[in-house]
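Asker: Only the shape, not the letters, is given here:
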């Protein structure tokens, strides 16, 4: 249930209303927008008669939320959420560009790529230390050693780092070292992990699952937010379909759909979304044109020798060229890079 208040509500009246709501066993999530205050009521709202609140002098209207996702619903926060990481906004006017290799392979590699992508305009460094792979014989990442290398790259460049978590057992290490914790497609519905991530304040980048619906994706975000962490960034990364030419089929329409349904920022990963390096550029352009709040692009100093996902990785030179082409597109959408 959503309660929209009238403009310029006295604080004392607001607190009285909140106390009344909590008195009937509901939890209140307060959202202060530019012009209005919205109260999100969480709990057994079906048995609540809306008339008791509609009669209140400070209430403009009361709405029942029909969708199963409540806290991530745009009805609760019409202005949209901006997640701030190390002084950079994700969801604001400037597009967030996250770039780096699929996996951290060496200190020289990650620091070199970090310097290159920063020079081209990237604001965040991505790198996998723990890698979920389909085959148990594939490179699984360097683990905590890889995280330590990411920290060195951060010290060298000042770039906030993004890395994927697979197990809550290493959560303390991630909270200490990582600026944005990524939840991969395989773990989108790992609800026990999502609950643990909801208990921290570190921003969460939540990728859509291989064959998940938009509603399931938003419900996964709801798991995190319901535990208290509202710093969530959604990431479209393609889905598994009958098509075999590309690694995945990128659902670029998910961007405007989710931005209509939810207040959370949405970025796109055209590298995983296509699986082919030469498709990254057109997919990235389409994503910006459709209103994405940012991009996550794989960049490797030598893709042919990459230990993971070399087919979709760009060289630093290719990434620099794409960044130059994206700037005028962003301006057409009223954004900057």
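Answerer: Everything's here; your move. This is a predicted model, so every value here is computed, not measured.

Asker: For the chain, which segments count as strands?
Answerer: For the chain, the strands defined by DSSP state E cover 2-5, 27-32, 37-42, 59-63, 83-85, 88-90, 96-100, 124-126, 161-165, 180-183, 204-207, 232-236, 266-268, 294-298.

Asker: Including mean neighbour count and distance to residue 51, could those go into a markdown table?
Answerer: In short, each C-beta sits where N, CA and C put it, glycine included. Below are the strands of the chain laid out as a markdown table (neighbours: other C-beta atoms under 10 Å; distance: least, C-beta to C-beta, whole Å):
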| stretch | mean neighbour count | distance to residue 51 |
| --- | --- | --- |
| strand 2-5 | 20 | 12 |
| strand 27-32 | 14 | 19 |
| strand 37-42 | 20 | 14 |
| strand 59-63 | 16 | 9 |
| strand 83-85 | 18 | 37 |
| strand 88-90 | 20 | 40 |
| strand 96-100 | 27 | 44 |
| strand 124-126 | 27 | 48 |
| strand 161-165 | 25 | 46 |
| strand 180-183 | 23 | 41 |
| strand 204-207 | 26 | 37 |
| strand 232-236 | 26 | 34 |
| strand 266-268 | 26 | 37 |
| strand 294-298 | 29 | 43 |
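
Asker: Out of those, the one nearest residue 320 is which?
Answerer: When the strands of the chain are compared by C-beta to C-beta, strand 96-100 sits nearest residue 320, at 10.3 Å.

Asker: partners of the closest one, with directions?
Answerer: Paired neighbours of strand 96-100 in the sheet (DSSP bridges): strand 124-126 (parallel), strand 294-298 (parallel).

Asker: Give the rounded mean pLDDT of the longest helix along the chain.
Answerer: Counting by DSSP state H, the longest helix found in the chain is helix 316-332. Helix 316-332 comes out with an average pLDDT of 96.

Asker: in it, what counts as buried?
Answerer: Using 16 or more other C-beta atoms under 10 Å as the test for burial, helix 316-332 gives 316, 318, 319, 320, 322, 323, 326, 329, 330.

Asker: Tell me which other helices or strands that helix touches.
Answerer: If you count contacts as 3 or more C-beta pairs under 8 Å, 6 or more residues apart in numbering; DSSP states H and E, helix 316-332 packs onto helix 107-120, helix 277-289, strand 294-298.

Asker: Provide the contact partners of that helix at residue level.
Answerer: Contacts to helix 316-332, defined as C-beta atoms under 8 Å, 6 or more residues apart in numbering, come from residues 95, 97, 99, 113, 116-117, 119-122, 277, 280-281, 284-285, 288-289, 295, 297, 299, 301, 314, 336-337.

Asker: hmm, back to that, of all the strands paired with strand 96-100, which one is nearest residue 189?
Answerer: Proximity to residue 189 (C-beta to C-beta) singles out strand 294-298 among the strands paired with strand 96-100, at 20.2 Å.

Asker: Let me have the strands of the chain in JSON lines, extended by distance to residue 76.
Answerer: Output for the strands of the chain, formatted as JSON lines (distance: least, C-beta to C-beta, whole Å):
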{"stretch": "strand 2-5", "distance to residue 76": "6"}
{"stretch": "strand 27-32", "distance to residue 76": "6"}
{"stretch": "strand 37-42", "distance to residue 76": "4"}
{"stretch": "strand 59-63", "distance to residue 76": "10"}
{"stretch": "strand 83-85", "distance to residue 76": "16"}
{"stretch": "strand 88-90", "distance to residue 76": "19"}
{"stretch": "strand 96-100", "distance to residue 76": "23"}
{"stretch": "strand 124-126", "distance to residue 76": "27"}
{"stretch": "strand 161-165", "distance to residue 76": "26"}
{"stretch": "strand 180-183", "distance to residue 76": "22"}
{"stretch": "strand 204-207", "distance to residue 76": "18"}
{"stretch": "strand 232-236", "distance to residue 76": "13"}
{"stretch": "strand 266-268", "distance to residue 76": "16"}
{"stretch": "strand 294-298", "distance to residue 76": "22"}
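
Asker: In contact with residue 286, which residues?
Answerer: residue 252.
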